[in-house]
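Student: show me how the following folds:
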Amino acid sequence: MFKLLSSMMIPLLVLMVLIHGILKKVDVYDVFIEGTKESYGMILELFPTLLGMILGINIFLKSGVLEFVLQGLAPFFSYLKIPLEIIPMAIMRPISGSSTLAILNNIYETFGPDGYLGTLASVIQGSTDTTFYVLTLYFGSIGIKKIRYAMWAGLSADLIGIVTSIIIVNCLF
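Tutor: Reported below is the predicted structural model:
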């Protein structure tokens, strides 16, 4: 029942928009075409910003810098009793949502979703945001260039979310 309802949501939403447009005597097709024409300008404005962000993320991930940093920080995190397996997710979460989903999936496959690491990874995923993606996409789309304070506020919120996640999950396990 829910699967059928779920698969019908988007077609029903489109149908509702079409019916509303017809009732309001709006040429829905022409309005749709005008909207798609307007979106090209936004796409052209956002593309360089997104391309730069994706390039930077791929360079960071493929270069092996993350593994090098983890090896250097392993004693520190071991002393704090923070599992080293969760650190890549904590580092990547403010940068890329898709990479952290891949890391989360890997943690689930390796350690299971119901264990300590799976729960910790899930809570971190839900308690943080992709700060750099949000800043790049939303601030770039409206032309804001000075993002310093927003960036520090977002990264501080991410750090608080990660630390709080570790504390809460440690209290629960």
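
Student: which other residues reach the helix or strand that contains L66?
Tutor: Using DSSP states H and E, L66 sits within helix 65-79. Helix 65-79 is contacted by residues 60, 83-84, 87-88, 91-92 when judged by Cβ atoms under 8 Å, 6 or more residues apart in numbering. Heads up, the C-betas are built off the backbone N, CA and C, glycines and all.

Student: including neighbour count, could those go into a markdown table?
Tutor: Converted to a markdown table, these look like this (neighbours: other Cβ atoms under 10 Å):
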| residue | neighbour count |
| --- | --- |
| F60 | 16 |
| P83 | 15 |
| L84 | 12 |
| I87 | 18 |
| P88 | 20 |
| I91 | 18 |
| M92 | 21 |
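
Student: could I get the pLDDT score of F111?
Tutor: pLDDT for F111: 92.

Student: for it, what are its contacts?
Tutor: Contacts of F111 (Cβ under 8 Å, 6+ apart): 85, 117-118.

Student: need phi/psi at it.
Tutor: phi -110, psi -10 (degrees, to the nearest 10).

Student: and the contacts of helix 65-79, which two are the farthest apart?
Tutor: F60 and P83 (21.5 Å; Cβ to Cβ).

Student: re the thing from before, gap between the helix holding L66 and the chain center?
Tutor: In terms of Cα atoms, centre = their mean, to the nearest Å, the centre of helix 65-79 is found 24 Å from the chain centre.

Student: quick one: mean pLDDT for that helix?
Tutor: Rounded mean pLDDT across helix 65-79 is 85.
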